[in-house]
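Peer 1: Structure here, sequence nowhere to be found:
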């Protein structure tokens with residue numbers, strides 16, 4: 001199995017299943033003549049946890065599923081939180097559980113880092129700019145630990161300006177390069193073209209799924225190779241043409257659930273999420289937002305049915321907020337039934353989209369709220385809305401100090417509050433605190449006193 005989908009000028013390599021051996025090109029559907037798919041038979045998104053495999057808030061039983069990673073047979077233990085997968089199977093009527101028949105994971109981008117901008121939290125691989133945000137999982141843990149030349153596998157979602165917002169980045173010992181995009185600056189004589197800023201030499205490459213078409217500008221392709229030439233050109237072994245529009249009339253009635261960013265926006269009835277055409281109607285239900293919030297680059301989770309034009313008619317759209325605050329300290333309490341944990345004496349909610357990662361002594365893959373104990377050390381990514389919601393709960397082995405990062409809610413020198421926690425400066429120099437205003441974004445490290453307060457020493 002391989003995951004390939006393209007539309008609107010760039011490519012997602014991790015959206016929906018394409019069956020190897022089906023005819024390629026823009027006129028055929030990879031689902032035509034299939035065995036049929038039951039309710040919400042295709043789901044794509046980033047893995048958020050393992051109790052089996054959790055994607056888009058659905059827990060899939062995966063015991064009998066066929067799992068592939070990078071096109072090779074694998075097992076569930078090789079999957080990781082933050083990897084984008086495509087799952088084919090059944091979703092139960094409760095919309096919370098399901099059974100996976102096939103799970104496929106393929107990185108969006110593979111290659112060496114050629115440029116890093118620590119100020120903008122970006123790096124470049126094979127001409128593709130990769131954006132790191134608060135919810136990106138990095139292995140190793142911080143961008144500063146990567147260097148030019150680091151070989152990485154990147155999973156993520158593209159934006160409207162062709163940046164790739166990473167959900168997970170792993171430094172690897174790989175040697176095979178992979179990048180996708182739209183052909184530009186084709187030079188038939190020298191057998192080169194560009195994918196964004198990357199020059200590709202296809203002189204010795206196998207052309208796949210071109211169906212007697214000549215290679216030309218504007219075609220969507222994925223390229224793979226193992227060699228970088230003396231002038232920085234990627235010398236590829238394989239160029240695979242990707243369909244310009246993934247779905248067509250053969251897919252009418254197919255139910256889909258997937259996540260991505262809005263990459264093309266004309267109106268609320270004509271836009272793309274990732275590489276899928278989407279429309280809404282008066283029956284579309286919106287969660288955590290309203291129809292007017294749909295805009296370029298907004299991250300959405302879409303559930304719907306394909307119509308006769310190959311467009312997904314959205315039944316439900318959920319707006320995926322990104323975390324803007326962080327907490328790191330020890331756990332005061334957990335309530336599995338309520339889906340909460342308490343840190344800094346603040347009750348933190350979790351939901352079916354919360355990522356759970358264990359980097360503590362046990363390093364459990366199947367890790368959830370029920371595995372946390374009082375005094376466990378955790379790092380939390382948090383949305384601070386009407387209540388505190390964790391987008392990620394990561395258990396760790398040690399912390400140098402407790403940490404809070406977020407918006408200042410009140411100031412009463414020598415104290416101020418962030419995320420409901422009263423933080424008191426004990427250095428005797430309150431210059432920093434006296435300059436604070438409500439709404440300032442601050443990161444502090446200090447001592448968690450265990451009573452909902454924190455002591456810091458600000459010089």
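Peer 2: Arrived safely, thanks for sending. Please read all numbers here as calculations on a predicted model, not as lab measurements.

Peer 1: List the buried residues in stretch 353-372.
Peer 2: Neighbour-count burial for stretch 353-372 flags 353-360, 367-369, 371-372 (criterion: 16 or more other Cβ atoms under 10 Å). C-betas here are computed from N, CA, C, even on glycine.

Peer 1: Can you name the residues that contact the residue nearest to the spatial centre of the chain?
Peer 2: Centroid-nearest residue in the chain, with Cα atoms, centre = their mean: residue 167, separated by 3.2 Å. With contact set as Cβ atoms under 8 Å, 6 or more residues apart in numbering, residue 167 has these partners: 46, 82-84, 135-137, 155-157.

Peer 1: Recalculate using a threshold of 7 Å.
Peer 2: Contacts here follow Cβ atoms under 7 Å, 6 or more residues apart in numbering; on that basis residue 167 touches 46, 82, 84, 136-137, 155-157.

Peer 1: Need the contact partners of stretch 361-371.
Peer 2: With contacts defined as Cβ under 7 Å, 6+ apart, stretch 361-371 is touched by 49-51, 77, 334, 336, 339, 341, 350, 356-358, 397.

Peer 1: Next: stretch 227-241.
Peer 2: Stretch 227-241 is contacted by residues 24-25, 126, 177, 192, 198-202, 205-210, 219, 221-226 when judged by Cβ under 7 Å, 6+ apart.

Peer 1: sorry, back to before: could the contacts of residue 167 go into a markdown table alongside distance to residue 215?
Peer 2: A markdown table is the format used below for the contacts of residue 167 (distance: Cβ to Cβ, whole Å):
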| residue | distance to residue 215 |
| --- | --- |
| 46 | 33 |
| 82 | 34 |
| 84 | 28 |
| 136 | 34 |
| 137 | 36 |
| 155 | 28 |
| 156 | 27 |
| 157 | 27 |
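
Peer 1: for stretch 387-403, which positions count as buried?
Peer 2: Residues 388-396, 402-403 are the ones in stretch 387-403 that count as buried (16+ other Cβ under 10 Å).

Peer 1: One more: stretch 151-163?
Peer 2: 151-160, 163.

Peer 1: Also stretch 180-192?
Peer 2: Quick answer for stretch 180-192 (16+ other Cβ under 10 Å): 180-183, 186, 192.

Peer 1: Take the contacts of stretch 361-371 and lay them out in TSV including distance to residue 328.
Peer 2: Compiled in TSV, the contacts of stretch 361-371 are given as follows (distance: Cβ to Cβ, whole Å):
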residue	distance to residue 328
49	20
50	23
51	24
77	28
334	17
336	22
339	20
341	13
350	16
356	16
357	13
358	15
397	13
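
Peer 1: so what does the longest strand seen in the chain touch, helix or strand wise?
Peer 2: Identified as the longest strand of the chain according to DSSP state E is strand 255-267. The contact analysis (3 or more Cβ pairs under 7 Å, 6 or more residues apart in numbering; DSSP states H and E) places strand 255-267 against strand 42-49, strand 151-158, strand 270-273, strand 299-306.

Peer 1: Could you give the separation of it from the chain centroid?
Peer 2: Put simply, strand 255-267 sits 14 Å off its chain's centre (Cα atoms, centre = their mean, to the nearest Å).

Peer 1: Strand 42-49 and that one, what's the angle between them?
Peer 2: 100 degrees (axes from the mean of the first three to the mean of the last three Cα atoms, to 10 degrees).

Peer 1: in strand 255-267, what's buried?
Peer 2: By 16+ other Cβ under 10 Å, the buried positions in strand 255-267 come out as 255-265.

Peer 1: can you check stretch 51-64 too?
Peer 2: 52-62.

Peer 1: residue ranges for the helices of the protein, please.
Peer 2: 431-434 (DSSP state H).

Peer 1: what does stretch 319-338 rub up against?
Peer 2: Contacting residues not belonging to stretch 319-338 are listed as 133-135, 259, 288-289, 293, 298-301, 341-345, 369-370, 372-384, 391, 399, 402-406, 419, 448 [Cβ under 7 Å, 6+ apart].

Peer 1: ChimeraX command to pick out the buried ones of the residues you listed?
Peer 2: If you want just the buried ones from the contacts of stretch 319-338 in ChimeraX, going by 16+ other Cβ under 10 Å, the selection is:
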select :134,135,259,298,299,300,301,341,343,344,369,372,376,377,378,379,380,381,382,383,384,391,402,403,404,405,406,419,448
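
Peer 1: Mind listing the residues bridging to the residue lying closest to residue 92 once chain neighbours are set aside?
Peer 2: Counting by Cβ to Cβ, 6 or more residues apart in numbering, residue 92 lies nearest to residue 98, which is 5.7 Å off, once chain neighbours are set aside. Counting by DSSP bridges, residue 98 forms beta bridges with residue 60, residue 91.
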